[in-house]
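>>> Sharing a sequence plus its predicted fold:
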Amino acid sequence: MGHHSPIRRVRDLAAEIAEQNAKIRRIRAESAEALKLPKPDTFPGRKTY
């Protein structure tokens, strides 16, 4: 296992945090779009609305 300098470790952590932030932004955007969709009918056998 190689020895990493403290600066490299900080940069690695910063990159990891940036990736997680981007992932959360994508998830939030997808969730916001999903919330704009019409609510599904939870009773599939229903004849009237």
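Looks like it arrived, so ask away.
>>> Report the distance from the helix or strand where residue 26 lies to the chain centre.
Assigned by DSSP states H and E, residue 26 belongs to helix 6-36. Relative to its parent chain, helix 6-36 has a centroid offset of 7 Å by C-alpha atoms, centre = their mean, to the nearest Å.
>>> Just the pLDDT for the residue nearest in space to the middle of the chain.
Most central in the chain under C-alpha atoms, centre = their mean is residue 27, positioned 2.8 Å from the mean C-alpha point. Residue 27 carries a pLDDT value of 98.
>>> Next: residue 47.
For residue 47, the pLDDT comes out at 72.
>>> Please report the distance of it from residue 30.
Note on residue 47: its distance to residue 30, by C-beta to C-beta, to the nearest Å, is 33 Å. The way it works is simple: take the backbone N, C-alpha and C, and place the C-beta from them, glycine included.
>>> okay, those two: which has more neighbours?
Taking other C-beta atoms under 10 Å, residue 47 and residue 30 do not tie; residue 30 has more neighbours (10 against 5).
>>> count of residues packed around residue 20?
10.
>>> Check the gap between it and residue 43 for me.
Distance from residue 20 to residue 43, by C-beta to C-beta: 39 Å.
>>> Equivalent analysis for residue 10, please.
Separation of residue 10 from residue 43 (C-beta to C-beta): 54 Å.
>>> Ok, residue 19 next?
42 Å.
>>> out of these two, which sits in the busier spot?
residue 19 (10 against 7).
>>> And the pLDDT at the more buried one?
pLDDT recorded at residue 19 is 98.
>>> likewise the one 4 residues further on?
Taken from the predicted model, the pLDDT recorded for residue 23 is 98.
>>> Next: the one 10 residues further on.
Looking at residue 33, its pLDDT reads 97.
>>> Then residue 5?
Model confidence at residue 5, given as pLDDT, is 92.
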